[in-house]
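**Student:** next comes the sequence, and after it the predicted model I'd like to discuss.
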Amino acid sequence: MNRASSTRSARGADSGVDTVVETVTETRTARPWNVIVHDDPVTLMSYVTHALMEIFGYAREKAHRLMMEVHTQGRAIVWTGGRERAEVYAQKLKGRHLRTTLERVDD
Amino acid sequence: MRLRRLPDKTLLLSRIPGDVADALRAIPGLLASEDPAVADWRVPRTYDDEADEADWQRSAEPELAHLFESRQRTIAGDLAGLAGRPRALRLSIPEAHRAAWLSGLNAARHILFITHGLTSAEVEADPAAIGAPARARAALHLHYYGLLQEMLIRAAASDDPA
């Protein structure tokens, strides 16, 4: 589901304009994405910890810390990286009915 | 209610009280809920950007819908084996079905919460303190599902290598 675009104008690759466009496109594509889990009033804390351990292979301590961040802060970044993998993780989290969003990392 | 792990890692729930059995039997129906609010809850937004969200809905949501339907069938199949004398019912959950049960129970809790308009405080409270019988019963079932989730998570943790 990687939607990286390959923008290239008809003016040719050796023009300054093209160079700028390509640089911007590559930057947008390469910029990492955050996988964010949000708090809800129903899901058990132990279930969140268990899911983070299973999906990401995190040690119990790290999964517990992230779960507590979700619980106390309302949300936590549970993983950051390439968009394709971020979407795979989001799908797995949503498959367990954990509220999950994806946000591109700001500059 | 007791939980025992068989040599093949199947979990055997025994001495299931009748009211807990009723709550368990209600799960497939809850998971099949067509309540519009439940439908919205099943497919929450992933992206802020509308185009990204539309792509996501097109590509990921059908797979998720298939997963949820498959999970519902798995749980219904296991519940078909709910057997035994009244007040001493047994239920087997094969190891391969544990993940489906864990997530299905989470979904069932959410769906009870949504369809009965429960509040966060009521989820934490003693169900007996909730005045309306239907809501009190929903909160009680929500607690039963949570209890079973905790039992399944503990069983999974005991499977982990030391």
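**Tutor:** Structure received.

**Student:** mind checking how far residue A:80 is from chain B?
**Tutor:** Note on residue A:80: its distance to chain B, by Cβ to the nearest Cβ, to the nearest Å, is 16 Å. From N, CA and C alone the C-beta is placed, and that goes for glycine too.

**Student:** neighbouring strands of the one helix or strand that residue maps to in the sheet, and parallel or not?
**Tutor:** When elements are defined using DSSP states H and E, residue A:80 is found to belong to strand A:75-81. Here the strand partners of strand A:75-81, with direction, are listed using DSSP bridges: strand A:33-38 (antiparallel).

**Student:** near chain B, which residues of chain A?
**Tutor:** Residues of chain A lying close to chain B (Cβ under 8 Å from any Cβ of the partner chain) are A:1, A:3, A:40-44, A:46-47, A:50, A:54, A:87, A:90-91, A:94-97, A:99-103.

**Student:** and the strand holding residue A:80, how far out from the chain middle?
**Tutor:** Centroid separation between strand A:75-81 and its chain, computed with Cα atoms, centre = their mean, to the nearest Å, is 6 Å.

**Student:** now the helix or strand that that strand is followed by: buried residues?
**Tutor:** Counting by DSSP H and E, the element after strand A:75-81 in chain order, helix or strand, is helix A:83-95. Judged by neighbour count using 16 or more other Cβ atoms under 10 Å in any protein chain shown, the buried positions of helix A:83-95 are A:83, A:86-87, A:89-95.

**Student:** stretch B:76-92 too?
**Tutor:** By neighbour count, and taking 16+ other Cβ under 10 Å as the criterion, the buried residues in stretch B:76-92 are B:76, B:78-79, B:89-91.

**Student:** now find how far off-centre that stretch is within its chain.
**Tutor:** Using Cα atoms, centre = their mean, the distance between the centre of stretch B:76-92 and that of its chain works out at 16 Å.

**Student:** tell me where chain B has strands.
**Tutor:** Using DSSP state E, the strands found in chain B span residues B:2-5, B:11-16, B:83-85, B:88-93.

**Student:** which one of those lies nearest to residue B:129?
**Tutor:** Evaluated over the strands of chain B, closeness to residue B:129 peaks at strand B:11-16, with 24.9 Å, by Cβ to Cβ.

**Student:** identify each buried residue in the closest one, please.
**Tutor:** Along strand B:11-16, the positions that meet the burial threshold by neighbour count (16+ other Cβ under 10 Å) are B:11, B:13, B:16.

**Student:** please see if stretch B:7-19 touches chain A.
**Tutor:** No: legend: contact between stretch B:7-19 and chain A by Cβ under 8 Å from any Cβ is lacking; minimum distance shown is 15.0 Å.

**Student:** restricting to C-alpha, output that stretch in PDB.
**Tutor:** Below are the C-alpha coordinates for stretch B:7-19, written out as PDB (Å, rounded to 0.1, in the frame of the first residue of the first chain):
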ATOM      1  CA  PRO B   7      -1.200 -31.000  27.100                       C
ATOM      2  CA  ASP B   8      -1.900 -29.700  23.600                       C
ATOM      3  CA  LYS B   9      -2.300 -26.200  25.100                       C
ATOM      4  CA  THR B  10      -6.100 -26.200  24.600                       C
ATOM      5  CA  LEU B  11      -7.700 -24.200  27.400                       C
ATOM      6  CA  LEU B  12     -10.500 -25.900  29.100                       C
ATOM      7  CA  LEU B  13     -12.900 -23.700  31.000                       C
ATOM      8  CA  SER B  14     -15.000 -25.700  33.500                       C
ATOM      9  CA  ARG B  15     -17.600 -25.100  36.100                       C
ATOM     10  CA  ILE B  16     -19.000 -22.200  34.000                       C
ATOM     11  CA  PRO B  17     -22.000 -20.800  35.800                       C
ATOM     12  CA  GLY B  18     -25.200 -20.500  33.900                       C
ATOM     13  CA  ASP B  19     -25.200 -16.700  33.700                       C
END
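
**Student:** list of residues touching it?
**Tutor:** Contacts with stretch B:7-19, where a contact means Cβ atoms under 8 Å, 6 or more residues apart in numbering or on different chains, come from B:1-6, B:24, B:82, B:84, B:86-95, B:98, B:140, B:144, B:148, B:151-152, B:155, B:159.
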